[in-house]
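1. Need coordinates for the below:
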Amino acid sequence: MTDLESFIPQKVSTKPGVDFWELRLEERLTTIVHFKGATPLQIGESLDRGGNCRAMARGGWGFATFNDPRNLTRSLRQAQELARAVGKRPHKWRSREAIRTEICARPKIDPRTVSLRKKVARIKGIRERLEEHRLVDTATIGYSDTCFIRIYLNSEGSFIKERGVSTKCFISGANTGKGGFEASSRSAHKQGVGYELVDEFEQDIPQILKDLKHLLKAEPAKGGTYTVIIDPMLAGVFAHESFGHTSEGDYIQRDPRIMEIMRLGRKIASPQLSIYDYGAMPHQCGSSGYDDEGTPSTKTALITKGILTGHLHSRETAYNMGEEPTGNARALSYAFPPIVRMTNTYIAPGPNKLGELIADVKQGILACGSRGGTGGEMFNFPAVYGILIEGGRLTKPIKNFSLSGNLFKTLKNIVALSDDFQLRGSWLGCGKMEQMPLPVATGGPHVLIKDIIVGGR
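-> This next block holds a predicted model:
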């Protein structure tokens with residue numbers, strides 16, 4: 001890979017009136033193998049190299065990108081000129097001490113040591129083994145790895161260099177028999193983990209088969225209001241889509257009503273509930289040592305035992321709200337400026353066994369798996385399938401239903417949490433504004449919630 005440092009000038013000039021500038025250089029070597037059935041959807045390797053320059057003057061931002069690192073100096077000049085042209089007020093920015101460091105990931109199996117031919121054969125073999133099972137008519141499977149170098153420096157004197165690797169896998173099994181189309185999927189995505197992720201990923205196949213068995217026996221759900229136990233996948237989606245995005249500083253500061261609702265110290269949820277965003281969690285796909293403004297990644301307690309204790313911030317939103325940066329200024333790539341984004345967001349586990357949660361439910365649903373959905377103050381999350389709970393026992397499988405409600409009401413309706421815990425990175429990642437798919441991980445325990453609206457038959 002290229003020596004990106006050789007493109008950085010010995011001295012970077014700062015134009016008069018410019019309060020801050022930063023540079024980012026990146027190089028990414030990516031491999032992707034993607035099959036739907038026997039049909040290859042995408043197989044190949046690509047190299048992407050470039051960078052950006054961002055500058056602030058009198059509260060105005062200038063931003064310029066480049067694909068040829070030799071254009072770095074010209075792009076920095078353009079960014080500073082743009083900032084000076086639009087800036088009209090005193091700058092609002094949380095300064096910090098300079099950081100100078102290098103980070104290097106050391107995966108067990110560097111993906112660059114495995115040929116594309118071997119990767120294709122391995123992924124194709126996993127697909128074929130899944131399709132050999134009588135429950136699976138078509139398997140869709142994807143594998144991707146990215147080896148990268150990132151360099152960040154700014155006018156405060158920071159210099160951060162990172163050599164890393166990001167690996168992700170996706171698998172879906174579909175049955176297209178007499179009962180109609182049914183499918184279940186799983187994904188894995190890790191930072192600092194190499195080709196060895198495929199071994200971990202193969203362990204998801206039994207769960208996909210288990211899901212299909214439930215789906216093929218399941219009856220359509222009857223709509224109504226239920227006590228529901230959501231599994232770790234749905235708990236993660238709830239933490240991310242509904243509460244996580246609502247915790248982002250740029251979202252909060254735009255709406256005076258949300259600003260009041262999301263006031264720190266306010267009792268916002270059941271005392272059973274704690275939610276965290278942890279950007280330095282080892283190997284998770286949303287993790288990094290520093291965000292894209294050079295702020296160290298942190299563990300931010302968003303809710304602690306029902307009390308609102310944190311927001312997610314860039315340096316600018318932290319200044320605007322009188323708080324500290326949390327290391328959540330993230331950019332999809334060098335083509336974009338950083339905005340406030342989650343990292344690894346999850347519900348903390350509780351003290352109970354799953355069996356104890358089930359035993360406490362006279363009439364309800366155990367909801368399993370996620371098909372995405374919409375978050376925010378009013379949420380709607382389709383589950384893959386469910387199992388009715390009757391008299392404290394799991395009985396019949398159900399399908400074709402979604403969970404919906406008001407975020408702030410639901411937070412207070414959480415009754416209990418199990419002591420198990422899962423955290424997963426997705427194949428698709430998170431979307432916000434035009435930046436998609438940003439790597440994030442979500443998860444939690446099983447969560448018992450009363451009065452959830454179940455949309456069904």
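
2. Got phi/psi on I149?
-> phi -130, psi 130 (degrees, to the nearest 10).

3. now it, which residues is it bridged with?
-> Assessed by DSSP bridges, I149 has beta-bridge partners E27, R163.

4. what residues are up against it?
-> Contact analysis of I149 by Cβ atoms under 8 Å, 6 or more residues apart in numbering lists 1-2, 4, 25-27, 161-163. C-betas here are computed from N, CA, C, even on glycine.

5. Which pair of those residues spans the longest distance?
-> Maximum pairwise distance in the contacts of I149, criterion Cβ to Cβ, is 14.7 Å, between T2 and E162.

6. quick revisit: of the contacts of I149, buried ones?
-> 4, 25-27, 161-162 (16 or more other Cβ atoms under 10 Å).

7. Tell me which of these has the lowest pLDDT.
-> Taken together, the buried ones among the contacts of I149 show their lowest pLDDT at L4, with 85.

8. what helix or strand is the residue lying closest to that one once chain neighbours are set aside on?
-> Once flanking residues are discounted, L4 sits nearest to L25: 4.5 Å by Cβ to Cβ, 6 or more residues apart in numbering. Under the criterion DSSP states H and E, the helix or strand holding L25 is strand 20-36.

9. quick revisit: give the contact list for the residue nearest to L4.
-> Contacts of L25 (Cβ under 8 Å, 6+ apart): 4, 7-8, 50-51, 69, 72, 149-151, 334.

10. For the closest residue to F421 other than its chain neighbours, which residues are in contact?
-> Once flanking residues are discounted, F421 sits nearest to P349: 4.5 Å by Cβ to Cβ, 6+ apart. Neighbouring residues of P349 by Cβ under 8 Å, 6+ apart: 417-421, 444-445.

11. Could you check how far P349 is from G369?
-> Separation of P349 from G369 (Cβ to Cβ, to the nearest Å): 19 Å.

12. any idea which residue sits dead centre in this protein?
-> V440 (1.7 Å; Cα atoms, centre = their mean).

13. per-residue confidence at it?
-> 97.

14. how close does it sit to R457?
-> On the measure of Cβ to Cβ, V440 and R457 end up 33 Å apart.

15. any idea where the strands of the stretch 301-450 of the chain begin and end?
-> Ranges of strands in the stretch 301-450 of the chain, per DSSP state E, counting those that start in this stretch, are 307-308, 329-330, 339-340, 344-347, 363-370, 378-390, 393-399, 402-406, 414-417, 422-425, 430-432, 435-438, 441-444, 447-455.

16. how long is stretch 190-197 from one end to the other?
-> Using Cα to Cα, to the nearest Å, one end of stretch 190-197 lies 8 Å from the other.

17. Give me the residues contacting that stretch.
-> 105-111, 113-114, 119, 145, 164-169, 188, 282-288, 425, 439.

18. ok, the residue nearest to I99 when sequence neighbours are not counted - contacts?
-> In space, and not counting its chain neighbours, I99 is closest to S158: 4.7 Å by Cβ to Cβ, 6+ apart. Applying Cβ under 8 Å, 6+ apart, we find S158 in contact with 98-100, 152, 294.

19. can we see that at 10 Å?
-> Counting by Cβ atoms under 10 Å, 6 or more residues apart in numbering, S158 touches 22, 96-101, 152, 290, 293-295.

20. In helices, which of those residues fall?
-> Among those, no residue falls in helices (DSSP state H).

21. shouldn't G51 be in contact with S75?
-> Yes. Contact criterion Cβ atoms under 10 Å: G51 and S75 qualify, at 7.5 Å.

22. buried ones in the helix or strand of the chain with the lowest mean pLDDT?
-> The weakest-scoring helix or strand in the chain, judged by mean pLDDT, DSSP states H and E, is helix 197-202 (a mean of 90). Neighbour counts over helix 197-202 (16+ other Cβ under 10 Å) mark 197-198, 201-202 as buried.

23. can you give me the helices for this structure?
-> Using DSSP H, helices in the chain cover 72-86, 116-131, 197-202, 205-217, 232-237, 245-246, 249-252, 256-261, 315-321, 354-359, 407-412.

24. For the fifth one, which helices and strands make contact with it?
-> It refers to helix 232-237. strand 224-230, strand 344-347, strand 363-370, strand 378-390, strand 422-425, strand 441-444, strand 447-455 (3 or more Cβ pairs under 10 Å, 6 or more residues apart in numbering; DSSP states H and E).

25. go with 7 Å
-> strand 363-370, strand 378-390, strand 441-444 (3 or more Cβ pairs under 7 Å, 6 or more residues apart in numbering; DSSP states H and E).
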